[in-house]
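> got a predicted structure here, sequence first:
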Amino acid sequence: YVIKTGAPWRWMPNDLPPWAAVYQQAQRWLAAGCFEALAEDLRTVLRLAAGRKAQPGAAILDSRTLRSTPESGARAGYDGAKRKQGAKLHLAVDTLGHLLALHVTPANADDRAEVGRLAQAVQASTGQSVELAYVDQGYTGTRAADAAKAHGIELEVVKLSEAKRGFVLLPRRWVV
């Protein structure tokens, strides 16, 4: 039914409880932060299973522009670099690729301007354990470095090689 309808609450299958009861419970879980806690616990378990510490010491920050629809409204903006109208996802993952933080802005938002907000969210979700963040060349400059430093994170810019020909896999950055 999800593929056929897009999962509206009122079209839930009859073998489940009434849609209003399921919706209310989902809203309670969202308000209580259950899904964030579940993602954090799952990340911790997966890190321990991989032989790593429970909380990461390094993160990778990046952004992605998604095309929008006319219904996007104020969330849509124009990203001149990617030539797309839409929303921009600013995300942080640990070195294994597990999500640490995510923010959605209009596509015209500058990556450097979101570093402070993203760094604060990363430190909140990891208990201040992240000390280093790998970023691409879109995060160069003192503004981004100072915003990250205010939250105890040092930015390391991973640069393209001077003699780039074709696709080059950048160390650390490929995880995002």
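Perfect, I can see it now.
> and the next helix or strand past the helix ranked longest in the chain?
If each helix of the chain is counted by residues according to DSSP state H, the longest one is helix 34-49. Next in sequence after helix 34-49, counting helices and strands by DSSP states H and E, comes strand 58-67.
> partner strands of that next one and their direction?
Paired strands of strand 58-67, with direction, are strand 84-94 (antiparallel), strand 132-135 (parallel) (DSSP bridges).
> for the first one, C-alpha coordinates in PDB please.
Written as PDB, here are the backbone C-alpha positions of strand 84-94 (Å, rounded to 0.1, in the frame of the first residue of the first chain):
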ATOM      1  CA  LYS A  84      19.200  23.200  -9.200                       C
ATOM      2  CA  GLN A  85      16.100  24.700  -7.600                       C
ATOM      3  CA  GLY A  86      15.400  22.900  -4.400                       C
ATOM      4  CA  ALA A  87      16.500  22.200  -0.900                       C
ATOM      5  CA  LYS A  88      20.000  21.500   0.400                       C
ATOM      6  CA  LEU A  89      20.800  18.700   2.900                       C
ATOM      7  CA  HIS A  90      23.700  19.500   5.200                       C
ATOM      8  CA  LEU A  91      24.800  16.300   6.800                       C
ATOM      9  CA  ALA A  92      27.500  14.900   9.100                       C
ATOM     10  CA  VAL A  93      28.400  11.200   9.300                       C
ATOM     11  CA  ASP A  94      31.000   9.300  11.200                       C
END
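> give me the helices and strands touching the helix or strand that it is followed by, please.
Using DSSP H and E, the helix or strand that directly follows strand 84-94 along the chain is strand 99-106. Identification of packing neighbours for strand 99-106 by 3 or more Cβ pairs under 8 Å, 6 or more residues apart in numbering; DSSP states H and E yields helix 34-49, strand 84-94, helix 115-126. Bear in mind the C-beta positions are built from the backbone N, C-alpha and C, glycine included.
> in its sheet, what does strand 99-106 sit against?
Based on DSSP bridges, the pairing partners of strand 99-106 within the sheet are strand 84-94 (antiparallel).
> so for the partner strand, what gets flagged as buried?
Using 16 or more other Cβ atoms under 10 Å as the test for burial, strand 84-94 gives Lys84, Gln85, Gly86, Ala87, Lys88, His90, Leu91, Ala92, Val93, Asp94.
> having no further points to raise, I will conclude here.
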